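A.B. asks: okay, predicted coordinates and the sequence, questions at the end:
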Amino acid sequence: FLFTGQGAQTPGMGRGLCAAWPASREAFDRCVALFDRELDRPLREEMWAEPGSAESLLLDQTAFTQPALFTVEYALTALWRSWGVEPELVAGHSAGELVAACVAGVFSLEDGVRLVAARGRLMQGLSAGGAMVSLGAPEAEVAAAVAPHAASVSIAAVNGPEQVLIAGVERAVQAIAAGFAARGVRTKRLHVSHASHSPLMEPMLEEFGRVAASVTYRRPSVSLVSNLSGKVVTDELSAPGYWVRHVREAVRFADGVKALHEAGAGTFVEVGPKPTLLGLLPACLPETEPTLLASLRAGREEAAGVLEALGRLWAGGGSVSW
């Protein structure tokens with residue numbers, strides 16, 4: 001299972017799942033009830049607000065985005081499990097890794113909700129600004145360009161052999177991106193309110209560390225591939241410092257995909273509101289043809305979308321408890 005990160009949120013996500021299946025509705029309701037103790041507005045109202053309304057715009061605010069994604073992904077996992085589909089390996093991208101860890105039993109749902117709510121709230125509380133730009137260049141080239149700006153910019157994610165995300169102070173990020181663009185390299189600016197995984201996150205780390213230290217951790221019961229190392233990990237996840245570093249350091253997603261493949265993964269199910277991670281896999285695994293299944297797709301009725309994925313899983317030899 002691959003758990004989607006921030007940026008994949010869509011208005012109304014989860015409504016179709018809740019209407020169709022008690023398993024997802026119960027998990028969704030449980031998450032919402034817990035998040036409502038942490039947030040200053042009801043989460044369900046923000047998620048299911050009329051598209052285009054002032055209320056719906058709050059879904060793109062980090063303080064609500066991360067709880068909303070956690071809720072939908074946790075509910076989707078409950079649905080897959082109700083069909084007897086259990087992941088042998090899990091991984092997530094940035095905020096998605098917290099869902100992966102919760103699903104793998106690293107911390108309870110209650111502690112996971114507290115951690116996610118604090119992460120989103122503290123990020124939201126930072127000064128707005130900063131920038132994130134995707135560059136179509138190898139990591140080594142990007143690292144060399146970023147090095148002179150290390151105090152203000154860093155590599156935020158390595159999503160493929162030539163897909164690297166940088167983040168930090170806007171002027172410096174734009175200058176680096178302009179240098180690559182001048183050489184004909186593809187660049188794309190992301191629409192974000194805060195530059196995650198960059199030096200601009202540092203003011204929140206101490207307080208987030210206090211929240212992380214209050215969580216009870218266990219070894220994962222399912223093999224989990226880390227964003228920080230790109231490898232299968234166990235005890236590392238049980239230290240509060242891991243989750244503090246997770247906010248600041250780069251997401252090594254491309255390495256993680258290779259580790260999943262080496263561990264035997266041949267079928268990848270994206271657990272999120274749209275398949276953003278599946279689109280990265282072909283470049284990470286150019287010599288293989290894994291089965292890629294999207295739980296949900298934007299603009300597609302949720303019940304139909306997830307049933308199509310279930311059908312493809314079964315038709316490909318996957319085990320389903322009908």
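C.D. replies: Okay, I see it.

A.B. asks: centre of the chain to the top strand by length along the chain, how far?
C.D. replies: The single longest strand within the chain, with elements called by DSSP state E, is strand 153-160. Here the centre of mass of C-alpha atoms in strand 153-160, compared against the chain's by C-alpha atoms, centre = their mean, to the nearest Å, lies 14 Å away.

A.B. asks: buried stuff in that strand?
C.D. replies: Of the residues in strand 153-160, those with enough neighbours to count as buried (16 or more other C-beta atoms under 10 Å) are Val153, Ser154, Ile155, Ala156, Ala157, Val158, Asn159, Gly160. For every residue, glycine as well, the C-beta is placed using N, CA and C.

A.B. asks: what's the local residue count around the spatially closest residue to Ser127 that is not a sequence neighbour?
C.D. replies: Spatial nearest neighbour of Ser127, chain neighbours left out: Leu200 (7.8 Å); criterion: C-beta to C-beta, 6 or more residues apart in numbering. Applying other C-beta atoms under 10 Å, we find 24 residues neighbouring Leu200.

A.B. asks: what about the residue nearest to Pro161 when sequence neighbours are not counted, distance to Phe253?
C.D. replies: On the basis of C-beta to C-beta, 6+ apart, the spatially nearest residue to Pro161 that is not a chain neighbour turns out to be Ala283, at 6.0 Å. For Ala283, the distance to Phe253 under the criterion C-beta to C-beta, to the nearest Å works out to 11 Å.

A.B. asks: those two: which has the busier surroundings?
C.D. replies: Relative neighbour count places Phe253 above the other of Ala283 and Phe253, with 29 against 14, counting by other C-beta under 10 Å.

A.B. asks: in this structure that one contacts Pro161, no?
C.D. replies: No. Phe253 lies out of contact with Pro161 (C-beta atoms under 8 Å); the separation is 11.6 Å.

A.B. asks: for those two, list the residues in contact with both.
C.D. replies: For the pair Phe253 and Pro161, residues contacting each of them under the criterion C-beta atoms under 8 Å, 6 or more residues apart in numbering are Cys284.

A.B. asks: which helix or which strand is home to the residue lying closest to Glu249 once chain neighbours are set aside?
C.D. replies: What sits nearest to Glu249 in space, not counting adjacent residues and going by C-beta to C-beta, 6+ apart, is Leu228, at 5.7 Å. Secondary structure assigned from DSSP states H and E places Leu228 in neither a helix nor a strand.

A.B. asks: ok, Leu228 - contacts?
C.D. replies: Residues in contact with Leu228, defined by C-beta under 8 Å, 6+ apart, are Glu236, Tyr242, Arg245, His246, Glu249, Arg252.

A.B. asks: next, count neighbours for Glu289.
C.D. replies: As a burial measure, the neighbour count of Glu289 was computed by other C-beta under 10 Å and equals 8.
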